[in-house]
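Peer 1: Curious how this folds, go ahead:
(4 chains)
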There are 2 protein chains.
Amino acid sequence: MGDIPDAGEPTLEEQIAAYQREFQGLDPQVEKIVSALSRLNRRMNVAYGRQTAELGISNAEWEVLKALVLSGAPYRMGPSDLAKRLGLTPAAMTHRIDRMVAEGLVHRERDESNRVRVIIELTSEGREKWLEAMRLASVFEEDLLQDLTPAERAVLGEVLTRLLRRVEHAQPDAGGRLNDLE
Amino acid sequence: MGDIPDAGEPTLEEQIAAYQREFQGLDPQVEKIVSALSRLNRRMNVAYGRQTAELGISNAEWEVLKALVLSGAPYRMGPSDLAKRLGLTPAAMTHRIDRMVAEGLVHRERDESNRVRVIIELTSEGREKWLEAMRLASVFEEDLLQDLTPAERAVLGEVLTRLLRRVEHAQPDAGGRLNDLE
DNA sequence: GCTTCGAAGTTTAGTTTCGAACTCTTCAGA
DNA sequence: TCTGAAGAGTTCGAAACTAAACTTCGAAGC
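Peer 2: Next comes the predicted model:
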């Protein structure tokens, strides 16, 4: 027990070996980094999902709460802004807000100064839910990184930030290469 | 232009600052690592999606092709195994296979030696699609990591693998702490 | 041999999302 | 003022997923 990472999933080492076998000319180190990154993220999302589920909210709802809290007091955003921020279509946002209003996590009202707009505002209950979720998440995250030395944390943070900047300011073209967007 | 990472999304630094403001007692370095990890993964998936879309397949289909190829010749798996491997319910797997059979990417047949089972086998067309996708993906990945020094690559790979092992062999309990499953 | 249990896959009902059409409001220009 | 255009949000229909019920086959026990 404990040796099988997930049902039917090969270990990272087995997967790298399989890639080498099936596709020539692949750098094992690159593939290791990319595969580990992807898996790690997946596992972390599962962990977050477990935690939020215990608070009676879904991962999707947690994302909305997060966006609202991080926008700062008075914790208000329009549906379109939320949709862009979360990468959803406006239609999906409408439905998601419907649910969250019904659960008392957010409040929806029409902006009287511009009657086309709608204001989504965090309720105190919604803010409390987010705080509870953050308490759980922060303990989990600290625990996850606990074995890393200060030097390793520094390098990891710096390198990931650099990679992120590279992806954010560039997008792959048809051939897969990253072109600077200027 | 090029300074706005994504529509309406704050920069990583702004987001960390917002976390510090809204939630006391958070380690900025931990949050930086976790946030960068999550964002980086999201951007990479968008990039992969763009590439596979160009080949006329979805990201979901690419995952199935990947599982089959990595299983090794003769590239056969049962629907249940595929579902477990991809983290889907058997029902979703049935439908996904339906589509892929219609597109000629995989072949479905009943196992005559055990008539409860079904065998999903990669077609040569499916294998070719995967190879094309891999060619694009590997260029993208090499390009993404191109600015990293050999030392940085080594540390990154090692640290990520260590973190992955920690999440894989342990699961957070109600309080968020990681317990060894033994 | 018959029965029961369990495993593999499909079907059905309900949820969440996307794409596109639609409504309502605001603003610019004749 | 009236009209046209654009933006914000919702509604509608279709796609993809989950959970649960169902079907079929195989294996074990009596």
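
Peer 1: measure A:D98 to A:D111 for me?
Peer 2: For A:D98, the distance to A:D111 (Cβ to Cβ, to the nearest Å) stands at 18 Å. From N, CA and C alone the C-beta is placed, and that goes for glycine too.

Peer 1: So for A:E14, what's the pLDDT?
Peer 2: According to the model's per-residue confidence, A:E14 sits at a pLDDT of 92.

Peer 1: what's the angle from the longest helix along chain A to helix B:28-54?
Peer 2: Longest helix in chain A, counting residues (DSSP state H): helix A:28-54. Helix A:28-54 and helix B:28-54 meet at an angle of 110 degrees, taking axes from the mean of the first three to the mean of the last three Cα atoms, to 10 degrees as the criterion.

Peer 1: Please see if helix A:28-54 touches chain B.
Peer 2: Yes. Contact between helix A:28-54 and chain B is present through A:29-34, A:36-44, A:47, A:50-51, A:54 (criterion: Cβ under 8 Å from any Cβ of the partner chain).

Peer 1: Now for the residue found closest to A:W130 once you drop the neighbours it is linked to in the chain, how many residues are close by?
Peer 2: Nearest residue to A:W130 in three dimensions, chain neighbours excluded: A:L65, at 4.2 Å (Cβ to Cβ, 6 or more residues apart in numbering or on different chains). Burial measure for A:L65: 24 neighbouring residues, criterion other Cβ atoms under 10 Å in any protein chain shown.

Peer 1: Run a quick check on A:L65 versus A:L131, I expect a contact.
Peer 2: No. Counting by Cβ atoms under 8 Å, A:L65 sits too far from A:L131 to count as a contact (9.5 Å).

Peer 1: pretty sure A:L131 contacts B:F23?
Peer 2: Yes. Proximity of A:L131 to B:F23 meets the contact threshold set by Cβ under 8 Å, at 7.0 Å.

Peer 1: Let me see the contact set for A:V69.
Peer 2: Applying Cβ atoms under 8 Å, 6 or more residues apart in numbering or on different chains, one finds that A:V69 lies in contact with A:75, A:122, A:127, A:130, B:18, B:22.

Peer 1: I'd like the distance between A:F23 and B:R127.
Peer 2: 11 Å.

Peer 1: no wait, A:G104
Peer 2: Distance check for A:G104 against B:R127: by Cβ to Cβ, it reads 52 Å.

Peer 1: what's the answer for A:T123, then?
Peer 2: 53 Å.

Peer 1: How about A:V155?
Peer 2: For A:V155, the distance to B:R127 equals 39 Å [Cβ to Cβ].

Peer 1: How many residues are close by A:E13?
Peer 2: A:E13 has 11 neighbours, counted by other Cβ under 10 Å.

Peer 1: about what we covered before: how about the helix or strand just after the longest helix of chain A and DNA strand D, any contact?
Peer 2: Past helix A:28-54, further along toward the C-terminus, the next helix or strand under DSSP states H and E is helix A:59-70. No. Judged by Cβ under 7 Å from any atom of the strand, helix A:59-70 and DNA strand D are separated, with a smallest distance of 12.2 Å.

Peer 1: could you give the angle of helix A:59-70 to helix A:28-54?
Peer 2: Going by the same axes, to 10 degrees, helix A:59-70 makes 90 degrees with helix A:28-54.

Peer 1: Show me which positions of helix A:59-70 end up buried.
Peer 2: Buried residues in helix A:59-70, defined by neighbour count with 16 or more other Cβ atoms under 10 Å in any protein chain shown: A:61-70.

Peer 1: Same check on stretch A:140-152?
Peer 2: For stretch A:140-152, burial by neighbour count (16+ other Cβ under 10 Å) applies to A:140-145, A:148, A:152.

Peer 1: What count of nearby residues applies to A:A102?
Peer 2: Applying the criterion other Cβ under 10 Å, we find 8 residues in the vicinity of A:A102.

Peer 1: cool, A:P10 as well?
Peer 2: Residues lying near A:P10 (other Cβ under 10 Å) number 16.

Peer 1: Quick check: phi and psi on it?
Peer 2: Main-chain dihedrals, A:P10, degrees, to the nearest 10: phi -70, psi 160.

Peer 1: Also the one 10 residues further on?
Peer 2: Phi and psi for A:Q20, reported as degrees, to the nearest 10, are phi -60, psi -40.

Peer 1: Not counting the helix or strand hosting A:R85 itself, show me its contacts.
Peer 2: Using DSSP H and E, A:R85 falls within helix A:79-86. With Cβ under 8 Å, 6+ apart as the contact definition, helix A:79-86 has outside contacts at A:63-64, A:67-68, A:77, A:88-90, A:92-94, A:97, A:118, A:120, B:7-9.

Peer 1: Great, nothing more from me.
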